[in-house]
Structures are given as structure tokens and as C-alpha cells.
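K.L.:
Pasted the sequence and its predicted model underneath.
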Amino acid sequence: MSYTVCSSEKLRKSGADAETKAMLYLMNFREDSSEMNYFVVDFFNDVTGMDRMGRKLWDVQSKASKTASAKGIGRELVTLFKNYLSEFTFVDYVIFMGGVPDTFRIDSSQNLFDATNINEKALISVRKGLKEESEKKEYIDNSYITDKNIDDFLKVVWFVVDDKLPQDYIKEIIKNHPSIIPPDSELISIFNEIRNKQSELKNTNVEGVTIERIDEVLSYGRELKTHEIRLLVLHRILNTDPLSKGIPEPFMEVYLKYPEERRKMLLEQCQSAMCRALFNNSLAQAYWALFDSVYTSIIHNPDKNIDYIVDSIPDEVLDACTDFDAFSLKYFIAKIKEGVSQ
């Protein structure tokens with residue numbers, strides 16, 4: 001069993017936005033979203049979800065245009081069709097679209113649908129567009145471009161019409177923490193950062209690469225992890241301005257025990273350490289590991305105090321993040337704890 005990469009590409013901003021929306025759709029808006037651990041960028045397709053052990057794939061072709069014809073939509077299905085014909089098995093085949101013609105759907109209220117909700121005339125055009133585009137592609141054997149294969153493929157494709165703004169996709173990530181949802185302008189900035197990270201993964205050339213098993217794709221460094229995306233969002237929201245909100249409530253017990261005349265200095269030192277850690281690129285990996293450990297412990301132990309959270313962090317994680325000391329670590333934990341509390 002093998003798979004060969006064909007026709008990876010770089011996109012304009014509108015296309016990049018659509019790819020990021022498609023990735024966040026996989027991550028948050030499906031019943032099986034929790035099964036996806038990786039999102040592989042521009043390897044199998046625009047974005048492909050993958051489970052934790054590299055055994056399952058969810059394939060997505062994104063299309064930014066809101067005005068494509070039914071035949072044009074059929075042409076856009078060609079990479080999904082190629083993957084359908086490949087030796088690899090995909091859980092689902094999804095085309096994520098900016099819009100469809102008014103006459104495309106039988107029930108226009110459905111933004112997630114299969115071919116049974118496509119008007120017959122439009123479906124004929126979809127078939128025609130897909131067949132013509134498939135015949136142009138050297139990577140599809142013409143002997144496989146049969147009416148039966150096309151019809152069987154169209155029975156398993158899911159059509160998704162994007163009906164959300166960029167900020168809506170970020171809000172979904174933090175929906176369980178409504179108290180920390182920032183203004184739309186910040187949410188859009190976070191969306192753009194995720195989009196840029198996704199686009200950066202395309203800097204290496206994988207055209208023509210052949211893999212023999214699904215998990216081999218991870219060797220090419222074209223993946224984002226669900227956990228990384230969630231942490232990035234929380235990190236940006238909770239720590240956008242570490243100096244702006246005064247003393248976090250969970251830190252008050254520590255703060256009030258300290259000699260009154262030195263409390264201001266203590267607070268400034270804690271804030272300074274937090275800023276150093278935020279912007280210390282040489283220890284970025286250590287900072288992320290600490291943030292991950294603290295956030296996970298708080299979520300699992302919401303009623304525990306700061307000292308409990310400190311004791312739950314592995315020593316090697318604490319030792320690696322040298323910008324923090326005992327006080328500033330507790331301040332950092334308090335900031336996160338205050339941010340996720342409801």
C-alpha cells in the first residue's frame with residue numbers, strides 16, 4: 001500500500017483563510033472531532049485530519065469561492081476523488097465551500113449535506129466537471145474514471161457550506177470558558193496567527209513524495225496538533241497583556257502574606273518574570289510545556305489551590321522554564337486559573 005503526493009500548492013490569502021476554517025471545522029464542528037489529533041497540511045489534500053495513532057484520515061478540500069458553478073464545484077472534487085481511488089482509506093471525504101449557487105441545493109437551509117440534497121440538474125454538472133478535470137490529471141489512471149466510480153464516490157462526499165466568520169471558529173475552541181472570550185478583533189488576530197502557522201508548513205516541498213503507511217506523513221513536519229491549537233488560543237487570550245489586570249484573585253493569599261511594604265515590588269517582579277517567559281524565544285518550548293502542564297492540571301483539578309497545582313507539575317518541566325521562580329510561578333498559575341474559571 002502506498003500514496004504519492006501530487007499537486008501541492010501555495011494559495012492567496014482568501015484560499016489560506018478557507019483552509020484554516022476547514023481545519024477548525026474538522027477540529028470543532030463534527031461529532032467525531034474528538035478523534036482527531038493531527039491536521040496534516042497540503043499533503044493528502046488542503047487539510048487532512050488524522051487520529052492519534054496515525055490509523056485514520058479525514059480528507060478535506062477547501063474552496064474559498066462563493067460563486068462557483070455546479071460544474072466548477074465538480075472540478076474542485078478531483079483531489080478528493082484521487083484519494084478515494086488511492087490505496088489509502090479515508091473516514092470521510094469533505095468539500096468545504098465558501099458558497100454554492102442558489103439552484104444547487106434542494107433544501108437550501110442545509111449547510112452540511114450529501115448528494116441527495118443536490119438538484120439533479122446540478123448533480124449532472126458536478127459529475128461532468130469532475131470527469132473532465134479527472135481526465136486532465138496525469139495522477140489519475142483514466143481506466144478508473146468510470147461512471148460507476150464517480151457515482152460511488154459522490155455517494156460518500158460531504159458538502160459543507162461555510163456560514164461562519166473567522167472569529168466564530170475561535171469562539172468554538174473556548175466555548176466552555178465564556179468568561180474569557182475577548183473582543184472579535186482579538187479573535188480575528190488569533191485566527192490569523194493559526195492561518196499563518198498553517199501556511200508556514202507549506203515551505204518544504206513534498207511533491208512526488210511516496211509513503212507506504214499513514215503515520216509516515218508525520219516525518220515531513222506538515223502537521224498541527226489539536227492540543228497545540230487549543231493551547232495557542234488560550235495562551236493568546238490569557239496572556240495578551242500580563243500587566244493589565246492587577247492581582248489575580250487566586251494569588252491574593254500569597255500576596256497578602258508578604259510584608260506590606262514589599263508587596264508592590266513582589267508584584268512587579270512576578271509580572272516581569274512572566275513577561276520574560278512570554279518573549280524568551282530560546283525557551284519557547286519549555287514555556288509551552290509549562291503552560292500545557294499548568295492548564296491541564298487546573299482543568300482536571302478546578303477546586304485545588306495554587307500550591308496543589310505547583311506540586312502537580314513534573315520537576316523536569318519546572319526546571320526547564322528558568323524565567324520563573326517560586327513566587328512568579330504561583331503568579332503565572334494564578335493568572336491562568338483566574339482566566340479559565342467561570
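P.N.:
All right, it came through fine.
K.L.:
can you map out the strands along this structure?
P.N.:
Using DSSP state E, the strands found in the chain span residues 3-4, 36-41, 47-51, 57-63, 92-97, 112-113, 157-161, 210-211, 223-225.
K.L.:
want to throw the ones you listed into CSV with distance to residue 23?
P.N.:
Just so you know, the C-beta spots here come from the backbone N, C-alpha and C atoms, and that holds for glycine as well. Output for the strands of the chain, formatted as CSV (distance: least, Cβ to Cβ, whole Å):
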stretch, distance to residue 23
strand 3-4, 20
strand 36-41, 5
strand 47-51, 5
strand 57-63, 8
strand 92-97, 9
strand 112-113, 16
strand 157-161, 12
strand 210-211, 21
strand 223-225, 7
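K.L.:
Could you point out the bridge partners of the nearest residue to residue 158 once chain neighbours are set aside in the sheet?
P.N.:
Sequence neighbours aside, residue 94 is the residue nearest to residue 158 in space, at 4.7 Å (criterion: Cβ to Cβ, 6 or more residues apart in numbering). Residues in a beta bridge with residue 94, per DSSP bridges, are residue 60, residue 158.
K.L.:
so how far is residue 194 from residue 94?
P.N.:
Residue 94 is 19 Å from residue 194, where distance means Cβ to Cβ, to the nearest Å.
K.L.:
ok, what's across the strand from residue 4?
P.N.:
Residue 4 has these beta-bridge partners by DSSP bridges: residue 210.
K.L.:
need the contact list for it.
P.N.:
Counting by Cβ atoms under 8 Å, 6 or more residues apart in numbering, residue 4 makes contact with 139, 208-210.
K.L.:
Apply 10 Å and report the result again.
P.N.:
By Cβ atoms under 10 Å, 6 or more residues apart in numbering, the contact set of residue 4 is 82, 86-87, 139, 207-211.
K.L.:
what do you get for residue 220?
P.N.:
For residue 220, the contacting residues are 5, 40-41, 43, 201, 204-206, 209, 211, by Cβ under 10 Å, 6+ apart.
K.L.:
Can you give me the pLDDT of the closest residue in space to residue 312 that isn't next to it in sequence?
P.N.:
Spatial nearest neighbour of residue 312, chain neighbours left out: residue 297 (4.4 Å); criterion: Cβ to Cβ, 6+ apart. What the model reports as pLDDT for residue 297 is 93.
K.L.:
and the angle for the worst-scoring helix or strand of the chain on mean pLDDT with strand 47-51?
P.N.:
Least confident helix or strand, the chain: helix 226-238 with a mean of 86, by mean pLDDT, DSSP states H and E. Interaxial angle of helix 226-238 relative to strand 47-51 (axes from the mean of the first three to the mean of the last three Cα atoms, to 10 degrees): 110 degrees.
K.L.:
hang on, the earlier thing: return a ChimeraX selection command for the buried portion of the contacts of residue 220.
P.N.:
In ChimeraX, this line selects whichever of these come out buried by 16 or more other Cβ atoms under 10 Å:
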select :5,40,41,43,201,209,211
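K.L.:
would you turn the contacts of residue 220 into a markdown table with pLDDT and distance to residue 65?
P.N.:
Output for the contacts of residue 220, formatted as a markdown table (pLDDT from 0 to 100; distance: Cβ to Cβ, whole Å):
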| residue | pLDDT | distance to residue 65 |
| --- | --- | --- |
| 5 | 91 | 24 |
| 40 | 97 | 24 |
| 41 | 96 | 20 |
| 43 | 95 | 23 |
| 201 | 92 | 23 |
| 204 | 84 | 27 |
| 205 | 88 | 26 |
| 206 | 91 | 25 |
| 209 | 92 | 29 |
| 211 | 94 | 31 |
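K.L.:
So which of the contacts of residue 220 is the closest to residue 287?
P.N.:
Among the contacts of residue 220, residue 201 lies closest to residue 287 (Cβ to Cβ), at 21.3 Å.
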